[in-house]
Structure formats: structure tokens, C-alpha cells
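>>> Model the following, please.
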Amino acid sequence: MILVQMVGITKRFPGVLANDQVNLELHSGEIHGLLGENGAGKTTLMNILFGLYQPEEGQILLRGQPVRLLSPADAIRSGIGMVHQHFKLVPPFSVTENIILGLEGSTLIDMKAAQRQVAETAGQYGLKIDPAAQVQQLSVGEQQRVEIVSSLFRGAEVLILDEPTAVLTPQEAESLAVGLKKMAEQGKVIVFISHKLDEVLKLTDRVTVLRAGRVVFSGMTKDTDKASLVRQMIGREYTALKGEQAAVVLALAGAQDTIPAEEPPPASGAPAGGGRQAEPARSRRLLEVIDLHVTDERGLDAVRGVSFEVCSGEVLGVAGVDGNGQRELVEAIVRLRKLNSGKVVLNREDTAHWNMRSFIDHHTAYIPDDRQNDGLILGFDLSRNATLKVFERPPFARRRLVDRRAVDRFTRGLMEAFDVRAPGPQVKAGTLSGGNQQKLVLARELSQAPRLIIANKPTRGLDIGAAAYIHRKLLDERDGGAGILLVSADLDEILLLSDRILVMYNGCSMGILETRSASIQTLGLMMAGTPLADLKAQEAGS
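Got it, this is the predicted structure:
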């Protein structure tokens, strides 16, 4: 039975055609995958279905009847719920208080009865939550379950999930998949927006691909494969990509055995065969972090006794569910956050009295996790953003006056080298797509030949093609001898790029292991709080 039809949906923003005559059908009892590159129109389309936007053209039919969804309240009343990437919960409130918040009559309510109802709803779909627990005490995975139960509690028949596994451990992702299948078995419709093709192929019944606001593919999941989906998403064959960029795209899609990639030349000191070096050349320590302790904005312990080193010619990946001290760790290293105790040593120099400028002067690149707030000044043009670190130095300044022609020449060169797509250097950074903004940050940071690169979620929110480009540039730097500290919540990215992996949980290091010996199961257990030493002891005991 067709529960929802979106017919001829068109949505425009200033200068952008986000959805162009999109048709979408959602059937009762199915999990429907929604794929596409950044800017393809996926989230816009679902925001229209959830009443956040109204289309200029087209209509929505619910059970064959036209409906007007002028707000999320209209959508919820129509049985449509949406769980966004960033949760909409009140941390000090309990699970039940968050779920009943805004419901009619919730000002005077029997809380024990409400808790029983919440527990019954959660149990019906195999979602384990404690109705009385405070949300701020829950893990990210548990908070996500609260959001899902909240939609189900309100009677959702259609549940839209935007990148639902991006913040989960592998075990939590598996548990979520079980719950979603149970919902589908009971007639619910699940819209599953994701960049992770393995999950889409494993979990969904049907899949729709958007490209440039249009539907380019819609069909049964069992009738397609990873390579075909990526080809539909990026709009070209893999052979249009060169060298290891093609290999990275294929690896991200999990389709290495489907289409051969052109073999890149081996890096200096690396064996032939491309990809990660078989034995990374960790000949020189670039960064040492020793027993680091850092607090967050609330004065709570965020980093607890973490130690590691990064050497030349290697990528040290830092894995973990978001919110386990990774951001505070990085900000403490680059002196954006105060250290409580411990040491950060760069090229054998104690950085205790350094500031951010000191790190810049010591050939260090920093790619923050929030490109819009921390990486760029959106109101500045590309030229000013590209030279933020060096604008006062020759050849960009003479007698303390900025040479605009030199700055623009430099920026055009970066735009060409890093494929930053914009009309010219005078365009404001805020007008660029997310992928082009990220490439601009990368271009600036790598333009000064850094010895150490600290990259915090460098491909966050990017599609497969843009992520592959960023990965290729980082691998080039590693192969040239730079050391890279790569922080990511995406295990595929960590496993693809890292030579060693440090796992963080609740501000602590759960251990460091070689990537070649790391399994998803082991990483998942460490991300959930089991130290590597305990896992090795259990293995030895068995």
C-alpha cells in the first residue's frame, strides 16, 4: 500500500533549485533509502514532508488524499515524524519529560502513568530506554532512541531518519537496525537518509537517488549494487577519477572488487600497490601528548590522562562516538583550550607557553570540525580566507599594506589546485557549498607545507566524491612525510586512512592498535568503554 506520494515537488532558494519536479512514493512496511551527494536535495525534500518548508510546486498525498503540511505540527498530526542529525532534547529533563513535552495536557499529568506508556512504546519496537533517566546522563545512542520513541509516542506512521548511524558505535547501529526492521514489520514507513552504502544495501527495501535536485534512480534495493549507486550519485563513471582518488571512492563505497582503479605510483619509501603504506615510516616524532587532562566549558573532566605520539609519514586516527573528549583534546593541542595538566610536545619543544600563532609558525595545519564557525569567516571573500594566516607577510604585504593582486593570484592558484568551484576569489565564502568550503579550508592549511596536520572530522557532512578528494590530499601529505592526527566519528574513514588507531571513551584512551589488526567488533567494544588491555586479556584467557 502506498502511504505517501510526493508528486512534482519543486523547491527554490535564492540562486538554487533544491528540488526539481521530484516524485517519491513511500510504501507501508518498508525501509526506504534516500541517497545523494551534498546539495542533491535529500534533506530539503524531507523537510518539505515534515512541514518545515513548503514547495513552490507539487503536492503531497497521504493515503491517496492531498494534504497541506504548513508546519511540523501539521506533519506530526498527520503521522509523520523526523529525527534530525542534531537532537532536539532538553538535557536536564527526564526521558519521559522530553517525550511528552508539548503534548496537550502535559502540564498536569500522571508522570508514573506516562513513564509506563513510554516504556510500553519503546518495548513494542525493541528500543531499550529508561523512562526516568535524565537525558544528559544518556549516551548518544540512547538519546537517539529517545527521539525515535518520541515520534512513535506521537503516533508516527512515517519516520524520517537523517544520517541516523553517524553518531553510533557499530553495536548501537546494529541494535538500531533491528528496531527499524521491527517497525517496518508492523507497517511503519522508515525513510533512511545515509551516505553509508553498506547500511543502505543491507537495511533498505527500496532506494531513491537524487542528483542536482532530481530523481535519477528509484527501485528495489536488491536490484542494484554499490558501484551503481555511487555512479548514480556522482553522475559519472569511476574511470573519470584518477589514481588513488578512484580507489578511495571505491573503498568508501565498499566496492573495490567491482571496478578496477588506476594504480598510482608508490610514494617515496612506500611499497608499490597504492593505498596505506604496508609499514608506515614512523621515523621521527612530530607530536607527543603526555598524560593530558582538560576540562570542558562546564568545568567537567573532558580529557583524562590521554597519551600518544604522531610521527612523520603516518596517520594516527582517533575514533570514538562524538562527545567523548575528541574536540577538547584537539583544541587543547592547538592552544584553543587550556590544559589542566600534562604536556604537549611539538618537534621536541614543550608548548606550555605557546599560543595559536606559535603553532602556525611551527609548520602546523589545523582543520577544525566546524568549517563555518571555526574554519572560515563566511562574510569574507575567498582571498581573505585563503590568506588569513599569512596576509601580513611577503609576498602578500608590502610595508604593512596588503597587495590584493598577489593575494588574488595566490587564491586562484589554490582554487585550481584544490578544485574549489567558485566564480572567482572575490566571492564570499558563505556562498560556497559545504564541500567547496571544506576544500578552501584544506587549501589554506596545506598551502604552507605543514609538517604536522591536525584534522578534526575533515569530511564531516560531505558526499562520497568530496570526501574522496579530501582523503587523497591528506594521503599525499602523509606520503610526503607529514604526520597527521585524524579525528573522525566515521569508522570507515578511520580504517581507510589510519596506520594506527586510538579509541576514546568518556575522555579516556581505551588503547592504541595497528589498523591492520583492528576489527569493527573490537573497535565497537572499545568505543563503548572496554579497554584494549581487557580485550586482549579476555582473548588470552579464552
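
>>> I'd say Val95 and Val135 touch.
Yes: here Val95 reaches Val135: they are 6.4 Å apart, a contact under C-beta atoms under 8 Å. From N, CA and C alone the C-beta is placed, and that goes for glycine too.

>>> Need the overlap of contacts for the two.
Val146 (C-beta atoms under 8 Å, 6 or more residues apart in numbering).

>>> out of those two, which sits in the busier spot?
Ranked by neighbour count (other C-beta atoms under 10 Å), Val95 and Val135 place Val95 first, with 27 against 18.

>>> Next one: that one relative to Leu127, how far apart?
11 Å (C-beta to C-beta, to the nearest Å).

>>> what do these two both touch?
Common neighbours of Val95 and Leu127 (C-beta under 8 Å, 6+ apart) are Val149.

>>> average pLDDT across stretch 330-340?
The average pLDDT within stretch 330-340 is 91.

>>> Just the CA coordinates for that stretch, please, in PDB.
In PDB, the C-alpha atoms belonging to stretch 330-340 read as follows (Å, rounded to 0.1, in the frame of the first residue of the first chain):
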ATOM      1  CA  VAL A 330      42.300  18.800  19.700                       C
ATOM      2  CA  GLU A 331      41.600  22.300  21.000                       C
ATOM      3  CA  ALA A 332      44.000  21.700  23.900                       C
ATOM      4  CA  ILE A 333      46.700  20.600  21.500                       C
ATOM      5  CA  VAL A 334      46.400  23.700  19.300                       C
ATOM      6  CA  ARG A 335      46.100  26.000  22.300                       C
ATOM      7  CA  LEU A 336      42.500  27.000  21.800                       C
ATOM      8  CA  ARG A 337      41.700  25.400  25.200                       C
ATOM      9  CA  LYS A 338      43.600  25.500  28.500                       C
ATOM     10  CA  LEU A 339      45.400  22.400  29.700                       C
ATOM     11  CA  ASN A 340      44.800  21.400  33.300                       C
END
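
>>> In the stretch 151-300 of the chain, what residue spans correspond to helices?
Using DSSP state H, counting those that start in this stretch, the helices of the stretch 151-300 of the chain run over 170-185, 197-203, 226-234, 243-253.

>>> Ser150: which of those is closest?
Taking C-beta to C-beta, helix 170-185 is the member of the helices of the stretch 151-300 of the chain nearest to Ser150, at 13.9 Å.

>>> Need the contact partners of the closest one.
29-31, 125-127, 139, 141, 144-145, 148, 152, 159, 161, 164-165, 168, 190, 192, 199, 202-203, 205, 491, 520-521, 523-525, 527-528.

>>> before we move on, the earlier item: possible to save the helices of the stretch 151-300 of the chain as JSON lines with mean neighbour count, mean pLDDT and distance to Ser433?
Formatted as JSON lines, those follow (neighbours: other C-beta atoms under 10 Å; pLDDT from 0 to 100; distance: least, C-beta to C-beta, whole Å):
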{"stretch": "helix 170-185", "mean neighbour count": "17", "mean pLDDT": "89", "distance to Ser433": "28"}
{"stretch": "helix 197-203", "mean neighbour count": "18", "mean pLDDT": "90", "distance to Ser433": "21"}
{"stretch": "helix 226-234", "mean neighbour count": "21", "mean pLDDT": "83", "distance to Ser433": "14"}
{"stretch": "helix 243-253", "mean neighbour count": "23", "mean pLDDT": "51", "distance to Ser433": "18"}
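
>>> Any idea which of the ones you listed gets closest to Pro55?
helix 226-234 (23.0 Å).

>>> what about the helices of the stretch 151-300 of the chain, which gets the closest to Leu513?
For Leu513, the closest of those is helix 170-185, at 15.3 Å, according to C-beta to C-beta.

>>> Name the spans of the stretch 51-200 of the chain whose pLDDT lies under the cut-off.
By pLDDT under 70, the low-scoring segments of the stretch 51-200 of the chain are 85-86, 104-108.

>>> Give me the sheet partners of whichever helix or strand Ile484 is part of and which way each runs.
According to DSSP states H and E, Ile484 maps onto strand 483-487. Here strand 483-487 is paired, per DSSP bridges, with strand 315-319 (parallel), strand 452-456 (parallel).

>>> Give the other helices and strands that the helix or strand Met415 falls within contacts.
Using DSSP H and E, Met415 falls within helix 404-417. Contacts defined by 3 or more C-beta pairs under 8 Å, 6 or more residues apart in numbering; DSSP states H and E place helix 404-417 against helix 382-386, helix 434-446.

>>> Could you export the helices of the stretch 151-300 of the chain as TSV, including distance to Arg460?
Below are the helices of the stretch 151-300 of the chain laid out as TSV (distance: least, C-beta to C-beta, whole Å):
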stretch	distance to Arg460
helix 170-185	18
helix 197-203	18
helix 226-234	18
helix 243-253	14
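
>>> and of those, who's closest to Met82?
Closest approach to Met82 among those is made by helix 170-185 (14.4 Å; C-beta to C-beta).

>>> start to end distance for stretch 40-58?
18 Å (C-alpha to C-alpha, to the nearest Å).
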